[in-house]
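> Fold the following and give me the result.
(3 chains)
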Amino acid sequence: MRNRVSRRAGHAVIIIMTIFGMMLTGCSQKEAPSNAGEKQTQPPIKIAVVGSHSGDLASYGIPSARAAQLVVDQRNAACGINGRRIELLVEDDVCKPEIAANSATKVVGEGAQAVLGHICSGATKAALGIYKESRLVTISPSATNPALTQSGDYPNFFRTIASDDAQARLEVDFVLGHLKAQKIAVLHDKGDYGKGLAEFAKGFIEADPRGEVVLYEGITPGAVDYSAVVNKIHQSGAQAVIYGGYHPEASKIVAQMRKKAMAIPFVSDDGVKDDTFIKVAGEFAEGVYATGPVDTTHNPIAIEAVKAHKAKYGEDPGAFFLNAYAATLALVNAFEKSCATDYDALVKALRTEWVATPLGIIRFDERGDAIGVGFAMYQVQNGKYVEIK
Amino acid sequence: MKAEFKKSLLAALWFMFLTFPITVVRVNTIERTVAWRWERLIWIGAATFILSFIWRRLLHRKQTGRREVSAGEVRPPSRWKQMAADPRLKGLALSAAALCFLVIPLLFSWNKTILVTNALIYVVIALGLNIVVGLAGQLVLGYVAFFAVGAYSYALLNYHFAVGFWAALPMGAALAAAFGLLLGFPVLRLRGDYLAIVTLGFGEIIRIVLENWNALSFGPSGIDNIPPPGFFGLALTLRQTHIAIYYLMVALTLLTILVVHRLQHSRIGRSWEALREDETAAQAMGIDTTGAKLSAFALGACWAGMAGVVFAAKQKFINPGNFTIWESILVLCIVVLGGMGSIAGVVLAALVLVILPEALRVFADYRWLLFGALLVLMMVFRPGGLVNARRRAYAFEPSAPEKSERP
Amino acid sequence: MNWDYLLSLFMGGLTRGSIYALIALGYTMVYGIITLINFAHGEIYMIGAFTALIAIGVLTLAGWNGTAILLIAAVAAVVYAAAYGWTLERIAYRPLRHAPRLSALISAIGMSLFLQNYVRMAQTANFLPFPNLIPEFAFLKPVAHIVRSSELVIYAVTALVMLLLTLLVRFTRMGKAMRATAQDRDMAMLSGVDVDRVISLTFVIGSAIAATGGVLIASHIGQINFYIGFLAGIKAFVAAVLGGIGSLPGAVLGGLVLGWTESFFTGYVSSDYEDVFAFLFLVGILIFRPSGLLGRKQMEKV
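Have a look, this model is predicted:
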């Protein structure tokens, strides 16, 4: 009897070991050839690009990987960085913190010398500890959580996007100053990004004598409809709505508001300043305000970058493309100017050397936020986002 | 043969009809364009035609297999089983396995070590759920809540009171067990699927509270800088810490296996199994069903809590997004796929299900599609799971003792 | 007391509840007959909505317009959802008829994952706008802030579906066979009921009803993606349990009660804890009525 139990165990153990071994070796085999075949005297500089390249948030991550690829192709076609080739290590983190930590250790193990990423704030937080320990500079094109730079925990972190509190500040100033609304409803999607933004907005309004928050609510993403919340906005007598979150929920709420003949202004953030929002919300998008990076359509580098993207991938670039392009340029510039790949030199170069990017001429401050990257308010007019001066 | 051919043809035509709108037509209501992709229809037809032969063949094999068993025939033990029965070979295999797990961090890279650590964490959680679902037969769909309780208890205790990892480990387990009891009391009267939906709700409640109650949990932005465990006061680099956590998980997994194994064959384990088979009969036999249920909830939850503490320490950053209903579903899949109630099966299934999506990375976007299909196929062709949990049977058949064992 | 507000919350809850009810009917029918939580039922609802969107897209380009499109699209959605439901049962559940119930549940979860990703890959992961083809009724103009014409259509269709289903189950031969199978499958088989056919038909009817709900809500909200079925499915399952799983009037009542609960809680308290309250409410009901609002108390067989 005892025998029978353990026989089963023995049986299973053999299967476990076989499958397990196959899986592990299966994974490791495919990585081996990646750094073989280099015949140059100097080893290449390895930059890791980590972000969501599959799954439902892939549309936020793929443009960044492409931006990095374009910059690197261009540099390698010339002479790389001081004669050294640049090699990209592309890793997918699906925007999940637990996977991001894995990806981080993987690129560290493969010898990355700097990191472009991650895309989502949560994933970035999960990975930053590992990069900090390994002394790797990390530049994110899209992680906007204020604590990442403001907590001072991560001296190795930089970003080419304004943090949430800057956006919230802009939104609140716009609503109170420009729209002259006094009663404001603040909504969010309970997510990391949306709720963080909404909290800042709420705090700023409360600190301002001109306005008051009449409603502060988190909606449930993916719910069947939002009629109860829309009714509540109506009931609260709000004169404007500030929404923190992404465009799918925003377009549902706006549509339901407009269908109920509520014409009050709807002000939102970078997650909504996306052409998909206008396309999905259609006629209801008209008049919606959203903050976004300052208009770059006249910046020559931006025009060049978009053109290169169209030539290579046959479509317009997606979200955070220019931010990632700027981040890669800043990184390459830092490598070049510091003539080294060690951490301290890179950090110093990032903080002191100005670099021309699609977002303007930028450098980074002590905390890691980019100086020179500004936000502006946009409004949907005739199916297009137009900057409001 | 002609009939078979006709069946396959019908299946192919049916699937061509079925997948026609979604696969062939692609409407873009944004750009107002329609793309027709007729070539896909041919692929689907051809694939279904071939697959339907295989499908019927496999089903046929499964059914005839079952009939043989029901006819009472006993197949001679296969060579594989004979080999597995050899105590020397078995000892060899077990020690090989142990050795393998010990040398993984030495042979494989950093992130593979972490991957296996993740898998081991799921082994422990799944063994905990196995107590509730596999042994006591209580279908719990919100089990990830206990994992969250463990993770957050370490993160918060550490943040507010600077409680260290080793102290938090039992505390996390105790807190999770307390939550298990908290859930257990109101649902004592519920059975089967009513229980399933209430526990699903419980899991969601915990997650939503963590998301909303900023003062307690720091909301959706989570808690970062959770300190790793200290190992004898050694100053370790992050990589060494991860390796140490790996060995810690190996030890914890062994402990879990040992305890669950002992529990299973103890008095309380028997009462759980009785509860699973027939609650009314168990009650009639004088089993304290209330006590059995509550102890199953508490003892099941405490493993998830412990795993949660390790998870938080390993991850250094946690947020409510780590504890969604999909995690609960994954753990349930592990238990059922492993063969309910079988420890070896659960271990095997956890390793497979956690590492499989990573291995399927090659297929990138297709991997969740494949994962879903594999779950269905697995259940259709091996509904009992990977390893059939055979209960201890006491048989007295002096002439042929092997006969008592049903293949 | 603001009556307009109360009334608009009531109507909003009714809309939500009707959709839950339409999905819950399928859940409860399947559960009543083979005691399986058909986890993939929400995906059928999603596939219904997608099929309708595709039909609308093709027809619009072919130059059709107006309500005719909506009707044709709805029929296409219902037919295809029914076909998917039937196939789902044949592939994922029928071979598991004699397997442990949990195995069937995992198979259902697998199917749910598969269908979601199938639609995601064959179509798109983005949200797509769904045209609102329900005409605006002129007589609703004065009360537009309380109830819209698409909502009125939702209420009417839900009531109609409920009525037809009751008639079917009560008075037809097939309905009788369904009730017999639900009561005791073996006994039904012995009395000459083709149980396999009954089960298939249950899936077909349940899926068709879910697709109706999918089309209605899609044109009411105006957008869909591949993931809409999952949460709606879970909520509908809660509704089915709340009403007493296995009971048809229970599913509708459960759906409506859940819709109202959520709507009023959001309206008068906060939407932050909307789902928490919905689940606590469920627990409360189940503690006092362990088999739901309208569920029959199960006798213990000893």
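
> can you tell me the helix or strand for the closest residue to chain B within the stretch 201-350 of chain A?
Of all residues in the stretch 201-350 of chain A, residue A:279 sits closest to chain B, at 4.1 Å by Cβ to the nearest Cβ. (C-beta placed from N, C-alpha, C; glycine too.) Assigned by DSSP states H and E, residue A:279 belongs to helix A:275-281.

> Going along the chain from that helix, find the next helix or strand for me.
Counting by DSSP H and E, the element after helix A:275-281 in chain order, helix or strand, is strand A:289-293.

> which secondary structure elements does that following strand contact?
In terms of contacts (3 or more Cβ pairs under 8 Å, 6 or more residues apart in numbering or on different chains; DSSP states H and E), strand A:289-293 is packed against helix A:164-173, strand A:266-268, strand A:375-381, strand A:384-388.

> could you redo the last one with a cut-off of 10 Å?
Applying 3 or more Cβ pairs under 10 Å, 6 or more residues apart in numbering or on different chains; DSSP states H and E, we find strand A:289-293 packed against helix A:164-173, strand A:240-244, strand A:266-268, helix A:321-338, strand A:375-381, strand A:384-388.

> Tell me the helices and strands packed up against the second one.
Same thing as strand A:240-244. helix A:164-173, strand A:183-188, helix A:192-207, strand A:212-218, helix A:227-236, helix A:247-259, strand A:266-268, strand A:289-293.

> Please identify the buried residues of the second one?
So that's strand A:183-188. Under the neighbour-count criterion of 16 or more other Cβ atoms under 10 Å in any protein chain shown, strand A:183-188 has A:184-188 buried.

> So which of the residues you listed would count as near chain C as well?
A:187-188 (Cβ under 10 Å from any Cβ of the partner chain).

> picking up where we left off before, make JSON lines out of the helices and strands packed on strand A:240-244 and add mean pLDDT.
Formatted as JSON lines, those follow (pLDDT from 0 to 100):
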{"stretch": "helix A:164-173", "mean pLDDT": "89"}
{"stretch": "strand A:183-188", "mean pLDDT": "93"}
{"stretch": "helix A:192-207", "mean pLDDT": "90"}
{"stretch": "strand A:212-218", "mean pLDDT": "92"}
{"stretch": "helix A:227-236", "mean pLDDT": "90"}
{"stretch": "helix A:247-259", "mean pLDDT": "89"}
{"stretch": "strand A:266-268", "mean pLDDT": "93"}
{"stretch": "strand A:289-293", "mean pLDDT": "87"}
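
> Return the most buried member of those.
strand A:266-268 (a mean of 27; mean count of other Cβ atoms under 10 Å in any protein chain shown).

> Name the SS class of the residue most central in space within chain C, please.
Nearest residue to the geometric centre of chain C (Cα atoms, centre = their mean): residue C:23, 0.7 Å. What DSSP: H, G, I helix; E, B strand; the rest coil gives for residue C:23 is helix.

> and of the helices and strands packed on strand A:240-244, who's closest to residue C:165?
Evaluated over those, closeness to residue C:165 peaks at helix A:227-236, with 26.1 Å, by Cβ to Cβ.

> is any part of that closest one close to chain C?
Yes: residues of helix A:227-236 are located near chain C by Cβ under 10 Å from any Cβ, namely A:227-232, A:234-235.

> counting contacts, what elements does that helix pack onto?
With contacts taken as 3+ Cβ pairs under 10 Å, 6+ apart, helix A:227-236 sits against strand A:183-188, strand A:212-218, strand A:240-244, helix A:247-259, helix C:3-34, helix C:248-268.

> just the angle between the third one and helix A:164-173, please?
This points to strand A:240-244. When axes from the mean of the first three to the mean of the last three Cα atoms, to 10 degrees is applied, the directions of strand A:240-244 and helix A:164-173 differ by 170 degrees.

> report the angle between the axes of strand A:240-244 and helix A:227-236?
140 degrees.

> what lines up beside strand A:240-244 in the sheet?
Paired strands of strand A:240-244, with direction, are strand A:183-188 (parallel), strand A:266-268 (parallel) (DSSP bridges).

> would JSON lines of these with distance to residue B:116 be doable?
Output for these, formatted as JSON lines (distance: least, Cβ to Cβ, whole Å):
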{"stretch": "strand A:183-188", "distance to residue B:116": "38"}
{"stretch": "strand A:266-268", "distance to residue B:116": "43"}
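
> ok, how many other residues are close to residue 154?
Just going to use chain A. Residues near residue A:154, counting by other Cβ atoms under 10 Å in any protein chain shown, number 21.

> Can you look at chain B instead?
32.

> can you pull the buried residues of the helix or strand hosting it?
Element membership for residue B:154 (DSSP H and E) is helix B:144-161. Neighbour-count burial for helix B:144-161 flags B:144-158 (criterion: 16+ other Cβ under 10 Å).

> CA atoms of it as CSV?
Provided in CSV are the C-alpha atoms of helix B:144-161 (Å, rounded to 0.1, in the frame of the first residue of the first chain):
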residue,chain,number,x,y,z
VAL,B,144,-6.5,34.3,-5.0
ALA,B,145,-7.9,36.5,-2.2
PHE,B,146,-5.9,34.5,0.4
PHE,B,147,-2.8,34.9,-1.7
ALA,B,148,-3.5,38.7,-1.7
VAL,B,149,-4.0,38.7,2.0
GLY,B,150,-0.7,37.0,2.6
ALA,B,151,1.2,39.4,0.2
TYR,B,152,-0.4,42.5,1.6
SER,B,153,0.0,41.4,5.2
TYR,B,154,3.7,41.3,4.8
ALA,B,155,3.9,44.5,2.7
LEU,B,156,1.8,46.4,5.2
LEU,B,157,3.1,45.0,8.4
ASN,B,158,6.6,45.8,7.2
TYR,B,159,5.6,49.3,6.1
HIS,B,160,3.9,50.3,9.3
PHE,B,161,5.6,48.2,12.0
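
> relative to helix B:144-161, how tilted is the next helix or strand after that helix?
On the C-terminal side of helix B:144-161, the closest following helix or strand by DSSP H and E is helix B:165-184. Interaxial angle, helix B:165-184 versus helix B:144-161 (the same axes, to 10 degrees): 140 degrees.

> list the buried ones in helix B:165-184?
For helix B:165-184, a neighbour-count test (16+ other Cβ under 10 Å) marks B:165, B:168-169, B:171-177, B:179-180, B:183-184 as buried.

> And it, what does it pack against?
Helix B:165-184 is packed against helix B:110-129, helix B:144-161, helix B:192-212, helix B:238-264, helix B:289-315, with contacts defined by 3+ Cβ pairs under 10 Å, 6+ apart.

> quick one, it and helix B:289-315 angle?
Taking the same axes, to 10 degrees, one finds helix B:165-184 and helix B:289-315 inclined to each other by 140 degrees.

> Neighbours of whichever residue of the stretch 1-150 of chain B sits closest to chain A, how many?
With Cβ to the nearest Cβ as the measure, residue B:90 is the residue of the stretch 1-150 of chain B nearest to chain A, at 3.3 Å. Counted with other Cβ under 10 Å, residues neighbouring residue B:90 total 21.

> do residue C:59 as well
17.

> Report the contact partners of it.
Contacts of residue C:59 were listed using Cβ atoms under 10 Å, 6 or more residues apart in numbering or on different chains, and they are C:65, C:68-70, C:72-73, C:76.

> what's the offset of stretch A:323-341 from the middle of its chain?
Between the centre of stretch A:323-341 and the centre of its chain there are 18 Å (Cα atoms, centre = their mean, to the nearest Å).

> buried sites along that stretch?
Across stretch A:323-341, burial judged by 16+ other Cβ under 10 Å covers A:323-338, A:341.

> Residue A:138 in helix, strand or coil?
strand.

> which one is it nearest to, not counting chain neighbours?
residue A:115 (4.4 Å; Cβ to Cβ, 6 or more residues apart in numbering or on different chains).
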